[in-house]
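J.: everything below, folded, please.
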Amino acid sequence: MLHRALDVALEHPNLTVAAAVIEALAGAALADGDPERAAYLLGGAVAVRGTTAVCYPDVTGVATAAEALIGAHAVAAAHAAGSALSRAEALTAAR
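T.: The predicted model follows:
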């Protein structure tokens, strides 16, 4: 369902919507037991949006929960790897 939402979001010229879907995919990755992928996708959302969404409670909650599971260093490393992607790479990684 979220992958279809990403496809629809990409039809919109404002990539903020696509970034929000990637953040939702990060939450799904966390729920599936993959906090490293969750942090990576949060970084990917930064690459797509062009800025961090730290004021969004859902994003903060996913990051905080991932840190509790794998530690702040691992989350920071995965997030940095995701945010270093190009927009196209981040969108591909989210699929």
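
J.: just give me the neighbour total for the closest residue to residue 6 other than its chain neighbours.
T.: Among residues not flanking residue 6 along the chain, residue 21 sits closest, at 4.6 Å (Cβ to Cβ, 6 or more residues apart in numbering). Quick note: C-beta positions are derived from backbone N, CA and C, even for glycine. Using other Cβ atoms under 10 Å, residue 21 has 22 other residues around it.

J.: low pLDDT regions in the chain?
T.: 1-3, 5, 7, 9-10, 53-55 (pLDDT under 70).

J.: the helices in it, which residues?
T.: 2-9, 16-31, 35-49, 57-70, 72-83, 87-93 (DSSP state H).

J.: burial-wise, tell me which of the ones you listed comes out on top.
T.: helix 35-49 (a mean of 25; mean count of other Cβ atoms under 10 Å).
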